[in-house]
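Student: only the shape, not the letters, is given here:
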């Protein structure tokens, strides 16, 4: 029996994907916080996703912060490799995972089919999928939703409280009440991905209990976002410039959950105000369509502003010129449109899904624009566009980047450094023994580390992959 709980990171340590953090309690219970897929790491992603660093069979239970694939996408492989315990999360996170894990399995199988066809031509051995659709279905059987804002006993001596943090539907910070060998309480919080107080749709983020240890994201630890209130006018101006003045198309790579709905909501407002031009708007993603339907059923998580808007408009995700597209043939038909249009499609980093086809079909036309509205790692197609590349490779072919490339950071679901500091302001810094930084690149972590120390947190450092940290109570208790 160990004297104190330990913490070890096996993902999102000095990177922004693959979130996986293992806590071992004094009773040797093994708690895995998130089980995310590594994405956008180039050729290294596949190897990272096949290496656990721990035995999946040894994990007693999983607690999820939210449904994004970089936080949940390896759950099917975890089950495939022997995990049989419960997966705790909020109810809406479970509902999203029911569509997102199946979609992730489908994308993986489709991508691997194409990759293996090329490997066969080169007389190379085919790659084996990380997991199958059947594995994803099996993983869903282990989900056990728990209420938010209420302590729930999940182990021999561990209590978990999920605290909504406004990142996406169902997202929460995870607060754990642990003990040492003498029964002294140790309060631990994993922030998950921190949302924004100015989020267009969700209420929060809400304060969490005073903690001894905090694992905090740092994605935008060195950046400030544009004012969220300016987003609608910036979007309106881009529509005027591209769709009205140039009769061109705006292509928007957007994550299916939250980002897509935020854009739809702003376009809905423009339509309600009779300022949206009479042009078709396509949401071309089966997952986005399903996610929008799920979101509409969870209005209990909405903020007062959108609830007030609903009383006037009725549906914040529907207006006359909006078309939700699921069928493949309908998606292909969009390519035949020669006039102005807005196309919103997944994925947000433009690494998979229908968005790659839309970018390929429109990127060489100077009358068009590609609007990036979220974070993108450098290796991804969206990341290369943000870097100003003159030429990009899509499906093995090279395309000249003649379309305008725009970025709007107003839509980010991640808090910037001021917003993260505000989120952490519920804490007495002197009572926090250690803040561990995850989910950020080196520059962002280094900058945010300095800001946290200036805010009075005595000890701040990044978590290192595979390096265990001991969590003991404060000495002044």
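Tutor: Ah, there it is. Small disclaimer: the values here were computed from a predicted structure and weren't measured.

Student: I'd say residue 457 and residue 429 touch.
Tutor: Yes. Between residue 457 and residue 429 there is a contact at 4.5 Å, judged by Cβ atoms under 8 Å. The way it works is simple: take the backbone N, C-alpha and C, and place the C-beta from them, glycine included.

Student: of these two, which one has the most company?
Tutor: Higher neighbour count among residue 457 and residue 429: residue 457, with 22 against 15, using other Cβ atoms under 10 Å.

Student: contacting residues around that one?
Tutor: Residues near residue 457 by Cβ atoms under 8 Å, 6 or more residues apart in numbering: 424, 429, 432, 435.

Student: same question, residue 11
Tutor: So residue 11 contacts 17, 18, 19, 20, 21, 34, 36, 38, 48, 465 (Cβ under 8 Å, 6+ apart).

Student: how close does it get to residue 396?
Tutor: Using Cβ to Cβ, to the nearest Å, residue 11 is found at 29 Å from residue 396.

Student: repeat for residue 301
Tutor: 42 Å.

Student: out of those two, which sits in the busier spot?
Tutor: residue 301 (19 against 7).

Student: burial measure for the nearest residue to that one once chain neighbours are set aside, as a count.
Tutor: With sequence-adjacent residues excluded and distances taken as Cβ to Cβ, 6 or more residues apart in numbering, residue 301 is closest to residue 202, at 5.6 Å. Around residue 202 there are 25 other residues, counting by other Cβ under 10 Å.

Student: help me confirm that residue 202 comes into contact with residue 169.
Tutor: Yes. With contacts defined as Cβ under 8 Å, residue 202 counts as touching residue 169 at a distance of 7.1 Å.

Student: give me the common contacts of those two.
Tutor: What both residue 202 and residue 169 touch, as defined by Cβ under 8 Å, 6+ apart, is the set 258, 301.

Student: the lengthiest strand in the chain: how far from the chain's middle?
Tutor: Criterion DSSP state E: the longest strand present in the chain is strand 172-179. With Cα atoms, centre = their mean, to the nearest Å as the basis, strand 172-179 stands 20 Å off its chain's centre.

Student: who touches it?
Tutor: Outside strand 172-179, the residues touching it (Cβ under 8 Å, 6+ apart) are 5, 23, 25-26, 31, 33, 63, 65-66, 89-90, 93, 148, 151, 157-165, 185-192, 194, 205, 208-209, 211, 471.

Student: keep only those of those that are in helices.
Tutor: The helices, defined by DSSP state H, take in residue 93 from the contacts of strand 172-179.

Student: from the contacts of strand 172-179, which land in strands?
Tutor: Judged by DSSP E, the contacts of strand 172-179 include 23, 31, 33, 63, 89, 159-164, 185-190 as members of strands.

Student: please check the residues you listed and keep the buried ones.
Tutor: For the ones in strands among the contacts of strand 172-179, a burial check counting by 16 or more other Cβ atoms under 10 Å picks out 23, 31, 33, 63, 89, 159-164, 186-190.

Student: for residue 332, state which of those residues is nearest.
Tutor: Nearest to residue 332, judged by Cβ to Cβ, of these is residue 89 at 35.9 Å.

Student: tell me who's in contact with the closest residue to that closest one other than its chain neighbours.
Tutor: Leaving out its chain neighbours, the residue that sits closest to residue 89 by Cβ to Cβ, 6+ apart is residue 64, at 3.9 Å. With contacts defined as Cβ under 8 Å, 6+ apart, residue 64 is in contact with 34, 35, 71, 72, 87, 88, 89, 93, 97.

Student: rerun at 6 Å
Tutor: If a contact means Cβ atoms under 6 Å, 6 or more residues apart in numbering, then residue 64 has 72, 89, 93 as its contacts.
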